[in-house]
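> coords please:
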Amino acid sequence: MTLRLIHTSDWQIGKVFRFVDNATMGLLQDARLRAITRLGELAGERGAQHILVAGDVYDMEALSPRLLNQPLERMRNFNGVQWHLIPGNHDHYRSNGLWDQLQRKGLPANVHIHTVPEAAIFEDDSLALLPAPLHHRRMLEDPTAYMDDADLSDELVRVGLAHGTITGFGSDDKDVPNYIAPDRPARAGLSYLALGDWHGQKKINDRCWYSGTPESDAFDVIGGGQALLVEIDGPAAPPTVSPLATGHYTWERLAEQVGSRADIDHLAGKLRGVADDLDRVLIHLTVEGALSLEDRQYFQEQIVDGVSAAFCFMRVDDRRLFPRPTPEDLDQIDRGGFVRAAADELQRLTEEGDDAERGIAAEALQRLYIEHMKLDAGQR
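The predicted structure is shown next:
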C-alpha cells in the first residue's frame, strides 16, 4: 500500500503584519487559518493518511486562548487524517509552555503533538515518524542526529520531521543554530525528511524537502503558498513529491521606469493585468525615472491613490523617482518673488544635492507645487 503524506510547515498562526492597516492584517491572519482547512481538504482529495507540520505552528508563545485553539478546531474537522505537529524556533518547547498547556487541555483524537525526539509508530500505515522538536529557539546540536541510531523494524517507512536550516550560506555550517545535516536521510535510512523553517518551497535532495509556508507572508519568499504531497511505496522506495497549491493571497514584485504621462497610463494598465482577482494580490512596486511636477501628481492620483485600491495591498517604492520640473511647473508655483526663489533653490538641490538632500528637496518641491495648485483652484 502506498503511504501518502502531506508535508507543510511554518503556519505561524498569530503572525503580525506591521506594514499594513488593521483590517488588511486581519485578512492575512485569517488566511493562515483557512490554509489549515485547505490542507485538510487536500488530504481527503489525495487520500493522504497523515499531515506533517514541520514546526512553527504558532508565530509566538504569547497568544490568546482563542488563537491557540483555532488551529486545533480546524484540524478536528478532518478526522480522517492524522495531524502531526512539532515545536519550531518561533514556538519552541519549554516546560509548562504553550505545548504543555494544549496537551493538558486535551487534544482532538486526530492531532498529535511531538515534543520528545523519539519514534512514533503507526502500524496500520507501516509508518515510523521520527520528530525532531526544538527545545530552544537556537540549538547548536543537530536535532535530527538521534535518528541515525533509531532501532526500528525494516518493514516500516521511516519519515523524519524537523525544523532548521541545512546551510549556513558561507559560514561554518555546524556553528549555525538549528543546523540539520542535508544527508540525514542517507545516514538514518529515512525514506523522507520533512523540513520547516524556510518559507519558500525547496528541494534539498530526492528525500529531503522544505515545504514552504502554505500562505505566503513576505515579498521575498519564492515558492510560498504551497505544501507537498509525498507518496512512498515502501521502505526502500524513493518518494514521489508533488507541490500542492494552498495559498489564497499572492505576493508580487514589479519594477518599472516612468518618464511621462503615457508611461504612467501604461503602468496602470500593467498593474490591472497582474491577476484576474487583484483583491487577492499584495504587490511591491518599485518605480524609477523622472517626471515633471504635473506628471508626478498624475502618478500619485492614478497609481498611488487609484490602482492601489484594486489590490489587497500595494507598497510603492518611489525613492528613485525624481522630479524634473518644467518651466511651466515652476511658473505654476510662482513667476517671481521669494516663493519662486525657494522653488528654484529646491530644484537646484534635486539636481546637485547629495542623496538625502535630493530626496527632501524633491518632496518639498512637489508639496509646494500641490499646495499652489490647490490655492489656484480655490481662487477660480
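
> what's the spacing between stretch 157-171 and its chain's center?
Put simply, stretch 157-171 sits 19 Å off its chain's centre (C-alpha atoms, centre = their mean, to the nearest Å).

> residue ranges for the strands of the stretch 1-150 of the chain, please.
Using DSSP state E, counting those that start in this stretch, the strands of the stretch 1-150 of the chain run over 3-8, 50-53, 82-85, 111-113, 120-122, 127-132.

> mind listing what's buried in the fifth one?
Going back to what we said before, that points to strand 120-122. Phe122 (16 or more other C-beta atoms under 10 Å). Using the backbone N, CA and C atoms, a C-beta is placed for each residue, glycine as well.

> For that strand, which helices and strands make contact with it?
Here strand 120-122 touches strand 127-132, going by 3 or more C-beta pairs under 8 Å, 6 or more residues apart in numbering; DSSP states H and E.

> just the angle between the next helix or strand along the chain from the strand it packs on and strand 3-8, please?
Per DSSP states H and E, strand 127-132 leads on to strand 157-163 as the next helix or strand towards the C-terminus. Per axes from the mean of the first three to the mean of the last three C-alpha atoms, to 10 degrees, the angle that strand 157-163 makes with strand 3-8 is 10 degrees.

> ok, how many other residues are close to the residue lying closest to Leu27 once chain neighbours are set aside?
In this structure, Leu27 finds its nearest non-sequential neighbour in Cys312, 6.8 Å apart by C-beta to C-beta, 6 or more residues apart in numbering. Number of residues near Cys312 (other C-beta atoms under 10 Å) recorded here: 20.

> Cys312 contacts Gly26, correct?
No. Cys312 is beyond contact range of Gly26, at 11.5 Å (criterion: C-beta atoms under 8 Å).

> hang on, the earlier thing: same list (the strands of the stretch 1-150 of the chain) but as CSV, adding distance to Arg348.
Shown next, in CSV, are these (distance: least, C-beta to C-beta, whole Å):
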stretch, distance to Arg348
strand 3-8, 57
strand 50-53, 59
strand 82-85, 62
strand 111-113, 65
strand 120-122, 71
strand 127-132, 62
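
> Turn these into CSV, columns for distance to Arg296 and mean pLDDT.
Below are these laid out as CSV (distance: least, C-beta to C-beta, whole Å; pLDDT from 0 to 100):
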stretch, distance to Arg296, mean pLDDT
strand 3-8, 45, 98
strand 50-53, 48, 98
strand 82-85, 51, 98
strand 111-113, 55, 98
strand 120-122, 62, 97
strand 127-132, 54, 98
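
> Among the ones you listed, which comes closest to Glu215?
Nearest of these to Glu215, taken as C-beta to C-beta: strand 3-8 at 10.2 Å.

> And the strands of the stretch 1-150 of the chain: which comes nearest Gly225?
Of these, nearest to Gly225 by C-beta to C-beta is strand 3-8, at 11.2 Å.

> Could you figure out how far that closest one is turned away from strand 127-132?
Angle between the axes of strand 3-8 and strand 127-132 is 20 degrees (criterion: the same axes, to 10 degrees).

> Which elements pack onto strand 3-8?
helix 22-46, strand 50-53, strand 192-196, strand 226-232.

> Let me know how buried Ala356 is, in neighbour terms.
The number of residues near Ala356, taken as other C-beta under 10 Å, comes to 8.

> for Asn205, same thing?
13.

> how much space is there between Glu155 and Ala188?
16 Å (C-beta to C-beta, to the nearest Å).

> Ser95 versus the closest residue to Lys105 other than its chain neighbours, what's the distance?
Distances taken as C-beta to C-beta, 6+ apart put Asn69 closest to Lys105, at 8.0 Å, once the chain neighbours are dropped. In this view, Asn69 and Ser95 are 21 Å apart by C-beta to C-beta.

> Give me the more crowded residue out of the two.
Neighbours per residue (other C-beta under 10 Å) separate Asn69 from Ser95, with Asn69 holding more: 14 against 8.

> Would you map the helices across the chain?
For the chain, the helices defined by DSSP state H cover 22-46, 65-76, 98-105, 184-188, 261-272, 293-299, 327-333, 337-352, 355-379.

> Can you add mean neighbour count and distance to Pro131 and give the helices and strands packed on strand 3-8 back as TSV?
Listed next are these as TSV, based on neighbours: other C-beta atoms under 10 Å; distance: least, C-beta to C-beta, whole Å:
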stretch	mean neighbour count	distance to Pro131
helix 22-46	17	18
strand 50-53	26	9
strand 192-196	28	10
strand 226-232	22	16
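
> so which of the ones you listed gets nearest Arg261?
Nearest to Arg261, of the helices and strands packed on strand 3-8 and by C-beta to C-beta, is helix 22-46 at 30.0 Å.

> Mind splitting this structure into its structural domains?
Using automatic domain parsing, the domain ranges for the chain come out as 3-245, 250-379.
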